[in-house]
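Undergrad: sequence? don't have it. structure:
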């Protein structure tokens, strides 16, 4: 699955915001768990890496839809500690100069239907197996994150600093489904402009799959793209203002390139 993203703007600067930007642009990540049948108490267990699809809640909490039959899920049942590597180095000539984020924390299953819907909106291809009895949604509760944002820009970030506080996203979460439906049903032309004029993607049937305080996610077939806001939003009205501003910017960009 391919992802692209616009760069964060000055209004969203800072290491936690940069880390969230990298995370939100990724549709997959490497998950590290402690292999249960190789656990050595003195060593803390052997790390087992696997590839998983990932989505993020509005506050940037990572979400996974994983099977009880998978080794990584069985590992988590025995030891809830885990880590996710979000790789934002695609497109860099020297991949080691690109951004990446390692998030460490504990994972736990969640029965929250809003989170499940958010994951499936981000990964519609998962609908085919999401209803299987062995699949469940899991959340990673961050304790620390390690950001490599480029040469000399390396930081450890506390879990509480990585996630957005509830006051910045709860009101928007209540309206997210309405905003997404409205954009897809009534403003499909704006979504195409976002993707083509602002993100440099090919034209197609771009749809909005989610919105959060820092931007929105777009999807077209197997392609995904991340559009960042100029400034963070906390309410539906603020989101609307940002979306209007961005479509005006897209039209201006499109006219200057024609």
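TA: Perfect, thanks for sending it. Quantities reported herein were computed from a predicted structural model and do not represent experimental measurements.

Undergrad: does the residue nearest to residue 85 when sequence neighbours are not counted count as helix, strand or coil?
TA: Nearest non-adjacent residue to residue 85, counting by C-beta to C-beta, 6 or more residues apart in numbering: residue 30, 4.2 Å away. Placement of C-beta: from N, CA and C, glycine included. Residue 30 carries the three-state label strand when classified by DSSP: H, G, I helix; E, B strand; the rest coil.

Undergrad: return the distance of residue 30 relative to residue 121.
TA: Residue 30 sits 23 Å away from residue 121, taking C-beta to C-beta, to the nearest Å as the criterion.

Undergrad: more neighbours: which of those two?
TA: Just comparing residue 30 and residue 121: by other C-beta atoms under 10 Å the higher neighbour count belongs to residue 121, 19 against 16.

Undergrad: you'd agree the more buried one is in a helix?
TA: Yes - counting by three-state DSSP, residue 121 is part of a helix.

Undergrad: show the contacting residues for it.
TA: Shown in contact with residue 121 (C-beta atoms under 8 Å, 6 or more residues apart in numbering): 55, 180, 209-210.

Undergrad: elements contacting whichever helix in the chain runs longest?
TA: Secondary structure of the chain per DSSP state H: the longest helix is helix 236-257. Under the contact definition 3 or more C-beta pairs under 8 Å, 6 or more residues apart in numbering; DSSP states H and E, helix 236-257 sits against helix 170-186, helix 188-193.

Undergrad: mind checking which of these is nearest residue 100?
TA: Proximity to residue 100 (C-beta to C-beta) singles out helix 170-186 among the helices and strands packed on helix 236-257, at 27.3 Å.

Undergrad: and the pLDDT for residue 152?
TA: Here, the pLDDT recorded for residue 152 equals 81.

Undergrad: likewise residue 1?
TA: In this prediction, residue 1 carries a pLDDT score of 44.
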